[in-house]
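# Here is my input, please return the structure:
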Amino acid sequence: MWFSNLICYRFKQDVSYTQEDFENALEQDVFRSCGSQDMSTFGWVNALGKHGQSLSHFSQNSILLCAKREEKVLPAAVVNDMVAEKVEQIEREENRPVKKKEKDELKENILATLLPQAFKKSSLQFAFIDQESGWVIVNSASFNKAEEMMALLRKSLGTLPIVPAFANYDLDVFLTDWLTKFEAPEGFAIGNDAELQDAADEGAQVKLKQHDLASDEIKLHLENGKRVTKLALDWRERVQFLLQNDGSIKRVSYNDALKEQNADIPKEDLAIKLDADFILVSEEVKELLEDLTKELGDKDDI
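Next comes the predicted model:
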C-alpha cells in the first residue's frame, strides 16, 4: 500500500466515477491465468487482495486499483539452443541450408511445445485515481509498465483523457537551478543523492550517493556546464524521494511517524488498516505533488 515509486498523470478534464459503473467497466478485463499457449496475461484483481471484495476500492474520493500480470518463463538461451539443434539436424540430414523463414517457423513450433510446461511468474501493479484534483498515480519505476496499466484502464473505461503530469516542464532546468543555489523550494530540502550529466547527448555522468551536494566539487561540475538529471529531496521531513528530469519520482520513503500512524488498528481488522493506509498514503502523495507543481508553476496547457 505504500507507494515507493510514482509515475504521475493528470486528467485533462474533470471526472466523476461511481463505484458501480467503474466496477462493471473493470470486470470486462478481469485477470485470468495464462492458458496453455499464452505467453502472458494482464488484468484486474481485487484492489485490497484477499481482504477486499471488489476490483476497485473507493475511499474519500480516491480509487485504488490493482492489475496482475502473469508471464511464462522460457529462457531465451534454452529456446535458441533447441532451435540451433534442430537447424543442425535438418542441414545434416537433408544437406541444405536452413533459411531465416524456416528458422522462425521452427522457433514458433518449439515455443508452442514448451509453453504448456513453462513456469509462471506473477506481479502486481497498483495505482490510484484522485477524482478531486485529477491525479492518476501509478506505483511503478517504469514508464513502460505504467503505460501498460493505463492502456488496460483505457480499454476498460473506453476513454481515459490523461497526460503525463510533468511532460511540459523542463525539470532538469529546475533541478540544476536548485542545486546550483543549494536552495530547494519552500517545504523541500536537498538530500544527499544526485546525478549530473554533460549537456551534450550521452555526455559524461556523475553519480553521487550520500554525498555533500553543497561541496566545492559539485559547484565545479555545475560551473563546467553539467546539468542535474536526478536530485534527492526531502518534503516537510515526512517524505524523501528522488526526482528525475523525466518526471518520475523514485525511492519514495516515509518517516516512521507516518508509517506508524495506523499501527494501533488490530491485525484482525486488516481490511480497515489497508483502507486507512491507502487514505494516509494517497493524501500524503497528493499533498506532496500539489506542493511540487505549485513551486514549478502552473501549466495551463497540460
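
# drop to CA atoms for contacts and neighbour counts, all remaining ones
Will do.

# Could I get the phi/psi values of Ser59?
phi -160, psi 120 (degrees, to the nearest 10).

# Pretty sure it sits against Asp277.
No: using CA atoms under 8 Å, Ser59 is not in contact with Asp277; the gap is 10.9 Å.

# Of these two, give the one with the bigger neighbour count.
Per other CA atoms under 10 Å, whichever of Ser59 and Asp277 has more neighbours is Asp277, with 20 against 14.

# for the stretch 51-200 of the chain, what spans make up the strands?
56-59, 62-73, 119-130, 135-138, 162-164, 188-197 (DSSP state E, counting those that start in this stretch).

# so which strand or helix has Leu270?
helix 270-296 (DSSP states H and E).

# and that helix with strand 62-73, angle?
Helix 270-296 and strand 62-73 are oriented at 100 degrees to each other (axes from the mean of the first three to the mean of the last three CA atoms, to 10 degrees).

# how far out from the middle of the chain is helix 270-296?
16 Å (CA atoms, centre = their mean, to the nearest Å).

# can you check stretch 285-302 too?
The mean C-alpha position of stretch 285-302 is separated from the chain mean by 19 Å, CA atoms, centre = their mean.

# What of stretch 255-268?
Distance, centroid of stretch 255-268 to centroid of chain: 25 Å (CA atoms, centre = their mean).

# start to end distance for that stretch?
The straight-line separation of the ends of stretch 255-268 (CA to CA, to the nearest Å) is 25 Å.

# the helices in this protein, which residues?
According to DSSP state H, the chain carries its helices in the segments 19-26, 76-94, 100-114, 143-157, 171-181, 216-223, 256-259, 270-296.

# Make TSV from those and add distance to Lys50 and mean pLDDT to it.
What follows is those, written out as TSV (distance: least, CA to CA, whole Å; pLDDT from 0 to 100):
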stretch	distance to Lys50	mean pLDDT
helix 19-26	17	97
helix 76-94	34	92
helix 100-114	32	92
helix 143-157	21	97
helix 171-181	40	96
helix 216-223	49	93
helix 256-259	22	91
helix 270-296	9	94
